[in-house]
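# Got a sequence here, can you build the structure:
(one chain, ligands or ions: 1)
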Amino acid sequence: MTTDLGAQDLTALLDSARQDYSELAGRGLKLDLTRGKPSPDQLDLADDLLTLPGSKQFKAADGTDTRNYGGLNGLLELREIFAGLLQVPVAQLVAAGNSSLELMHDAFVQALLSKLPGAESRWVDAGPIKFLAPVPGYDRHFSICERFGIEMIPVPMDENGPDMDLVTRLVADDASIKGIWAIPKYSNPTGVTYSDEVVRRLAEMPTAAPDFRIFWDNAYSVHHLTDERVEIADILGLATAAGHADRVFVFGSTSKITLAGAGVGFFGASEANVKWWLSNLSKRSIGPDKVNQLRHAAFLGSAEGVLAHMDKHRAVIGPKFEATLRILGEQLGGTGLATWTEPKGGYFVTLEVPEGCASAVVARAAEIGVVLTPAGATHPLGQDPKDSVIRIAPTFPGLADLEAAVQALATCVKLVGYEQRLKQQ
Ligand code: PMP
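Now for the predicted structure:
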């Protein structure tokens, strides 16, 4: 372990990292590891969607003409495919437009402006409200709270999910805490899957706010990277059994199943919540894009069809995750300069570097043409108090580019890490 090294050895390691860095600088790299987007090869897997449902094929199973207005809660045959996968009874699952993030944003706006079931007032009339933000987490969740001036209270994640002792204590006493963000499976960015115990505690815990909501963003419900198709406990069922049926808003989408820009988003919740949702929605829309929903139902066929399709994604992106982990191991293993996650699914690897180093690593990488997600993006307001978390998104680049980018990233970690360690000697 290089943590025990003296100044002379550290200087030699730093010199070698500097040499690698200037060699990389001369290569004119132009690589991007920022956003968790599917690669063109993955999008090609859904190419048949571009010819579906086909000429004259516009009728749903119940005879609905999908070309016309109506059907606010979405096409039944598609909701049937996803109900089990998202653990929501089919009657309580709404199929919508192409983005679940849009639905989360909408849920916030509606809760601010229109009293939720169980609420004493609209959120906008409730005084300053707060949300719990498990960290590291998803920057776009945090941006929604930021946009509406909602204070976020960071809650540390461990390998089982958010620190539930802290969550339970906070929500029991403070009625201004109106909810919590949750990415329960293969979380963005850590890959963590919530344990059954964490899910149960979230479902059962007493909350001071009668209108507390869990924003259950199950974005990676079927996005497996190993043979183990990880399952999570049924939050909506557990909350309902505990007398808190209205506590849960479930979100999901086919963005990373079919086409990220032309998929289908889903909202699921209790009967009362769905009624509230549809009543608000009816002022905003005369019905979703049912033609898109019909072609999705035709393309995916069944829940088994979804899982079989996800195996094809795994064949494309599995090798990219393997390459990322292999290079991190080869370059940084045993240096004491970094730890990283080994996700069983999802879209990200989280790299943790010594405290105070993440922004410098990202900056040094940018100088040689490797763009990373900004350091801090995994925390509310873009502020990682330890400046140590870097999110790696391996899916979009081709394998050769990805390998070059991760090699360059590892070089930057060594450069910044050894510099810091020498200074601290
Ligand atoms: N939630 C999470 C956790 C995500 O990682 C992403 C995409 N990066 C989204 C939601 C966005 O989903 P959609 O495309 O359905 O809006």
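
# so which helix or strand takes in the residue nearest to the spatial centre of the chain?
A centroid search over the chain (C-alpha atoms, centre = their mean) returns residue 188, at 3.8 Å, as the residue closest to the centre. For residue 188, there is no host helix or strand (DSSP states H and E).

# so what's it up against?
36, 137, 138, 219, 220, 346, 347, 348 (C-beta atoms under 8 Å, 6 or more residues apart in numbering). The C-beta positions use only the backbone N, C-alpha and C, and glycine is treated the same way.

# mind checking how far the last one is from residue 382?
Translated: residue 348. Computed as C-beta to C-beta, to the nearest Å, the residue 348 to residue 382 distance reads 17 Å.

# if we can go back for a sec, filter the contacts of residue 188 down to the ones near the ligand?
36, 138, 219 (C-beta under 6 Å from any ligand atom).

# which one of the residues you listed sits closest to the ligand?
residue 219 (3.6 Å; C-beta to the nearest ligand atom).

# burial of that closest one, as a residue count?
22 (other C-beta atoms under 10 Å).

# What are the neighbouring residues in contact with it?
Here residue 219 is in contact with 100, 183, 188, 251, 252, 253, 255, 256 (C-beta under 8 Å, 6+ apart).

# Now the ones next to the ligand among the contacts of residue 188 in CSV, please, with extra columns for secondary structure, pLDDT and distance to residue 105.
Shown next, in CSV, are those (DSSP: H, G, I helix; E, B strand; the rest coil; pLDDT from 0 to 100; distance: C-beta to C-beta, whole Å):
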residue, secondary structure, pLDDT, distance to residue 105
36, coil, 89, 18
138, coil, 97, 13
219, coil, 98, 14
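
# so what's residue 132 closest to, chain neighbours aside?
Nearest in space to residue 132, with sequence neighbours left out and distances taken as C-beta to C-beta, 6 or more residues apart in numbering, is residue 180 at 3.9 Å.

# Would you map the strands across the stretch 201-350 of the chain?
Along the stretch 201-350 of the chain, the stretches classed as strands by DSSP state E, counting those that start in this stretch are 213-217, 248-253, 265-268, 339-340, 349-352.

# what does the fourth one contact?
Okay, so that is strand 339-340. 325, 328, 332, 349, 350, 351, 352, 392.

# okay, now the residue lying closest to residue 300 once chain neighbours are set aside: neighbour count?
Nearest residue to residue 300, sequence neighbours excluded (C-beta to C-beta, 6+ apart): residue 306, at 5.2 Å. Applying other C-beta under 10 Å, we find 21 other residues in the vicinity of residue 306.

# ok, residue 306 - contacts?
By C-beta under 8 Å, 6+ apart, the neighbours of residue 306 are 81, 82, 85, 222, 257, 300.

# Kindly state the beta-bridge partners for residue 224.
Per DSSP bridges, the residues bridged to residue 224 are residue 345.

# tell me the helices in the stretch 1-150 of the chain, going along the chain?
Under the criterion DSSP state H, counting those that start in this stretch, helices of the stretch 1-150 of the chain are mapped to 7-25, 40-44, 76-86, 100-113, 139-147.

# The first one packs against which elements?
Read that as helix 7-25. helix 399-424 (3 or more C-beta pairs under 8 Å, 6 or more residues apart in numbering; DSSP states H and E).
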